[in-house]
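>>> Need the 3D shape of this:
(chains A, B, C, D, E and F)
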Protein chains: 4
Amino acid sequence: MSAQTPAKPDVTKEDAILRESVRVFAREGFRGTDVQEIANRAGVGKGTVYRYFGDKQTLFWASAYWVLEQLHGRLASASSPADGAIAKLRASCRAYAEFFVENPDYLEIFVLDRAEFRGRAPERHQELHERMVCEFAEIVEQGMASGELRRGDPRAVVWSLGSALYGSVVFATYSKQQQSITELAECATEIFLRGILS
Amino acid sequence: MSAQTPAKPDVTKEDAILRESVRVFAREGFRGTDVQEIANRAGVGKGTVYRYFGDKQTLFWASAYWVLEQLHGRLASASSPADGAIAKLRASCRAYAEFFVENPDYLEIFVLDRAEFRGRAPERHQELHERMVCEFAEIVEQGMASGELRRGDPRAVVWSLGSALYGSVVFATYSKQQQSITELAECATEIFLRGILS
Amino acid sequence: MSAQTPAKPDVTKEDAILRESVRVFAREGFRGTDVQEIANRAGVGKGTVYRYFGDKQTLFWASAYWVLEQLHGRLASASSPADGAIAKLRASCRAYAEFFVENPDYLEIFVLDRAEFRGRAPERHQELHERMVCEFAEIVEQGMASGELRRGDPRAVVWSLGSALYGSVVFATYSKQQQSITELAECATEIFLRGILS
Amino acid sequence: MSAQTPAKPDVTKEDAILRESVRVFAREGFRGTDVQEIANRAGVGKGTVYRYFGDKQTLFWASAYWVLEQLHGRLASASSPADGAIAKLRASCRAYAEFFVENPDYLEIFVLDRAEFRGRAPERHQELHERMVCEFAEIVEQGMASGELRRGDPRAVVWSLGSALYGSVVFATYSKQQQSITELAECATEIFLRGILS
DNA sequence: AATGAATGAGCATTCATTCAT
DNA sequence: TATGAATGAATGCTCATTCAT
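Numbers count the residues shown, from 1 in each chain, chains lettered A, B, ... in the order given. Next up, the predicted model:
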């Protein structure tokens, strides 16, 4: 249609670019990334990257969205088989941590997104984010209904959990003692469930 | 003596540079910041900035350290008058949130530090960070001793709280509904104390 | 493939850059040269200069090599038609002087090369230099064989001649009386051949 | 008198500055030299360097003049005790080579002077240079009168010898085989005396 | 459609020189 | 008189983006 979005996107190429984008952005940061390097790694010309994604920022957002989608899928398939709200939440938390342990680059993408763009991402991102919040709010709501969880604003609970998990994995970099992200996140999860009061 | 680190640092000038550094870095990001702009705002020559701080990265770290010190002072003076571990923690959490509400730039500095340098900051930073962890661990320990808090690894508890608060304030940017950072952090704090289980 | 060394070098452009390089370096010195000026004169963007030559030093070396090649060609075509070792040497000496009289810039390039880099030039230069020494050593050797020249180490003789000529043309700048480079070099050549002893 | 030339020049300080100037200029080149480094090494403030020498270029010229004076003295004391023109010249040539072997920095100063300033040095330099030419021309003249040397223009002979020696020592840098400057200069001297013809 | 050569705005850093103390 | 803090012009090099092929 427009020249910005090729009529017949070659999904293979697009995917290769995206995949390498994530790697390079994660390693070099947004400003530190040379689009040429992404093109080289993806085995395409620099012009092709621009043909597919328009500009560097759009490319970054596409990468970030791609990562967000992966995370969404991962959380969904982790929670759905579990039985009961608590089990679902526990499974999701574990999946969240594992996701970033397996793909440290993805974590950096989230960090960069926050640092560079502060939530000024396109509608699409916010929609997906919102969708995730809703899905978990539903779980929490059911937990409240069934009596597993204390009553309260489900969205607020979800937001707190999300923030705590995000903080755990992002903050883990600062940990000197080699506690794995997984351990840190698990600890956070437990506290999240039971609190620290006696 | 090298001219890099002035023998008689003009504290007024140094402070002006630091203050503007924080503002500009926060707004433009690390790579996006033109040192010239800091110099202009601080009312000094660009050479003076380099004379005082050596290079851009060192300047950033000095800014980040400066912010960290402020936060440390703020948390200390918030918690010390409070009575009992729980009260101390609550007061600290509130102070943490207020600190960033009052100085949104400071939050961005923390975010940039994580994004750009991933904990590769100079020793000094890590020492101060460690000191803060210890101070809070002590509070938690006393809370456990007095029976206010459930028994557990105090450092792990502190780390979880720190991560959760960090996550709350950093993540708040993504919140569409205008929930203030304060509200989000307060909610996180309550859950942190009591958990979500019924 | 890196974009640093263009796959299809545009010889016209490359040559234009090289030609202007020599002029500007000769006039301004190595450090005094602003690559932007070379780009402007060559009618290309600054980025293009860097694309073709990588950095300022490499550009300088390319210029110096280019000059050395010219000199080599000039000496070769001057000596080859002459008959006998002495005639060949005389012709070469004259050509050497004329070369620099016609292209004073080239002389400055040699001077700068010595001043700035002290023989730390890339292999290629040293190889060409060595080749020139060998070619002349051969001439000297034949002169010795034919009895035209006194016996001795041909390479040492060549090196002495080279040094003397180099000294003549470089040193000529200091001459107040407007003796031309040509005259100075010719005088040096004659002494070189016959000595000053009676 | 003027502020440029301090009324009571502290000869010790002046000398220290000059001595370090030579070292630093020789190592770093003219443009590459940071006046601060000279000041540091000389143990004075940067302002003092400027007070004594006015500006960087003047400082360089003073250094070059200082070196030229040393060379002049060395050549004079080498030639005067020798008997006969040839002996005087031989002794001078040897002294010339030894001078630069002992003080490689001095050689670089000469090279830099030629590269950077092309004989645009102040009157004083040219006078001393001229004086040296005259002194040697006298020796040559006497050699011609006594029949030791072939008749010719004594100044031209001196100039040729000077150029050849200069060329020898300067060009020596390019010599791969580790022939010492001394050997190269001696070889040049012999050829200069007897020529290469059989 | 795909490419990659060309461009030039942009920025970190240096250093000669000045001048207030 | 001696100093060294302050300055800002100067310059090497990068890289997002364009566009002719």
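>>> Does the lowest-mean-pLDDT helix or strand in chain A reach chain B?
Lowest by mean pLDDT, DSSP states H and E among the helices and strands of chain A is helix A:181-194, with a mean of 89. Yes - residues of helix A:181-194 contacting chain B under Cβ under 8 Å from any Cβ of the partner chain: A:184, A:187, A:188, A:191, A:192, A:193, A:194. Where C-beta positions appear, they are placed from N, C-alpha and C, glycine not excepted.
>>> sec struct for the residue of chain A found nearest DNA strand E, please.
Relative to DNA strand E, the nearest point of chain A is residue A:47 (2.1 Å; Cβ to the nearest atom of the strand). Taken by DSSP: H, G, I helix; E, B strand; the rest coil, the conformation at residue A:47 corresponds to helix.
>>> Measure how buried it is and give me the count.
Using other Cβ atoms under 10 Å in any protein chain shown, the number of residues around residue A:47 comes to 9.
>>> so is the residue nearest to the spatial centre of chain A in a helix, a strand, or just coil?
Geometric centre of chain A, nearest residue: residue A:68, 4.0 Å, by Cα atoms, centre = their mean. Per three-state DSSP, the local secondary structure of residue A:68 is helix.
>>> Identify the residues contacting it.
Under the criterion of Cβ atoms under 8 Å, 6 or more residues apart in numbering or on different chains, the contact partners of residue A:68 comprise A:125, A:128, A:129.
>>> nearest spatial neighbour of the first one, skipping sequence neighbours?
Taking Cβ to Cβ, 6 or more residues apart in numbering or on different chains as the measure, residue A:125 lies nearest to residue A:65, with 5.7 Å between them; neighbours along the chain are not counted.
>>> what helix or strand does the one you found sit in?
helix A:56-79 (DSSP states H and E).
>>> Is there proximity between that helix and DNA strand E?
No - Helix A:56-79 does not reach DNA strand E (Cβ under 7 Å from any atom of the strand); its nearest approach is 12.6 Å.
>>> mind checking how far that helix is from the chain centre?
Distance of helix A:56-79 from the chain centroid (Cα atoms, centre = their mean, to the nearest Å) equals 6 Å.
>>> right, is the next helix or strand after that helix up against chain B?
From helix A:56-79 onward toward the C-terminus, using DSSP H and E, the following helix or strand is helix A:85-102. Yes - judged by Cβ under 8 Å from any Cβ, helix A:85-102 and chain B are in contact via residue A:86.
>>> Just the angle for helix A:85-102 relative to helix A:56-79, thanks.
Taking axes from the mean of the first three to the mean of the last three Cα atoms, to 10 degrees, one finds helix A:85-102 and helix A:56-79 inclined to each other by 140 degrees.
>>> Give me the contact list for helix A:85-102.
Outside helix A:85-102, the residues that touch it by Cβ under 8 Å, 6+ apart are A:70-71, A:74-75, A:77-82, A:106-107, A:136, A:139-140, A:142-144, A:146, A:148-149, A:161, A:165, A:168-169, A:180-182, A:184-186, A:188-189, A:192-193, B:197.
>>> Report the residue ranges of every domain in chain A.
Taking automatic domain parsing as the reference, chain A has its domains at A:1-54, A:61-194.
>>> now check the longest one, is it near DNA strand F?
It refers to domain A:61-194. No - on the criterion Cβ under 7 Å from any atom of the strand, domain A:61-194 is out of touch with DNA strand F, staying 12.0 Å away.
>>> end-to-end on that domain?
Distance between the two ends of domain A:61-194: 37 Å, counting by Cα to Cα, to the nearest Å.
>>> what distance separates that domain from the centre of its chain?
Centroid separation for domain A:61-194 versus its chain: 8 Å, with Cα atoms, centre = their mean.
>>> now stretch A:19-28
Relative to its chain's centre, stretch A:19-28 lies at 15 Å (Cα atoms, centre = their mean).
>>> pLDDT wise, what is the residue lying closest to residue A:72 once chain neighbours are set aside at?
Nearest non-adjacent residue to residue A:72, counting by Cβ to Cβ, 6+ apart: residue A:132, 5.7 Å away. On pLDDT, residue A:132 comes in at 97.
>>> okay but residue A:132 is in contact with residue A:74, surely?
No - if you go by Cβ atoms under 8 Å, residue A:132 and residue A:74 don't touch, sitting 11.0 Å apart.
>>> on that earlier part again, derive a ChimeraX selection command for the buried subset of the residues of helix A:181-194 next to chain B.
A single ChimeraX command selects the buried members of the residues of helix A:181-194 next to chain B (16 or more other Cβ atoms under 10 Å in any protein chain shown):
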select /A:184,187,188,191,192,193
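>>> filter the residues of helix A:181-194 next to chain B by proximity to DNA strand E?
Contacts with DNA strand E within the residues of helix A:181-194 next to chain B, as defined by Cβ under 7 Å from any atom of the strand: none are present.
>>> Residue ranges in chain A under the pLDDT threshold?
Applying pLDDT under 70 to chain A flags residues A:1-9, A:177-178, A:197.
>>> Pull the number of nearby residues for residue A:146.
By the criterion of other Cβ under 10 Å, residue A:146 has 12 neighbours.
>>> need the contact list for it.
A:84, A:85.
>>> So residue A:151 lies in a strand, does it not?
No - read with three-state DSSP, residue A:151 is coil and lies in no strand.
>>> List the residues that contact it.
With Cβ under 8 Å, 6+ apart, residue A:151 has these contacts: A:144, B:198.
>>> Would you check how far apart it and chain D are?
71 Å (Cβ to the nearest Cβ, to the nearest Å).
>>> got the phi/psi numbers for that residue?
phi -70, psi 150 (degrees, to the nearest 10).
>>> where does the residue in chain A that chain B sits nearest to sit relative to residue B:192, distance-wise?
Nearest residue of chain A to chain B (Cβ to the nearest Cβ) works out as residue A:167 at 2.5 Å. Here the criterion is Cβ to Cβ, to the nearest Å. By it, residue A:167 lies 11 Å from residue B:192.
>>> near chain C, which residues of chain A?
For chain A, the residues in contact with chain C (Cβ under 8 Å from any Cβ) are A:36, A:40.
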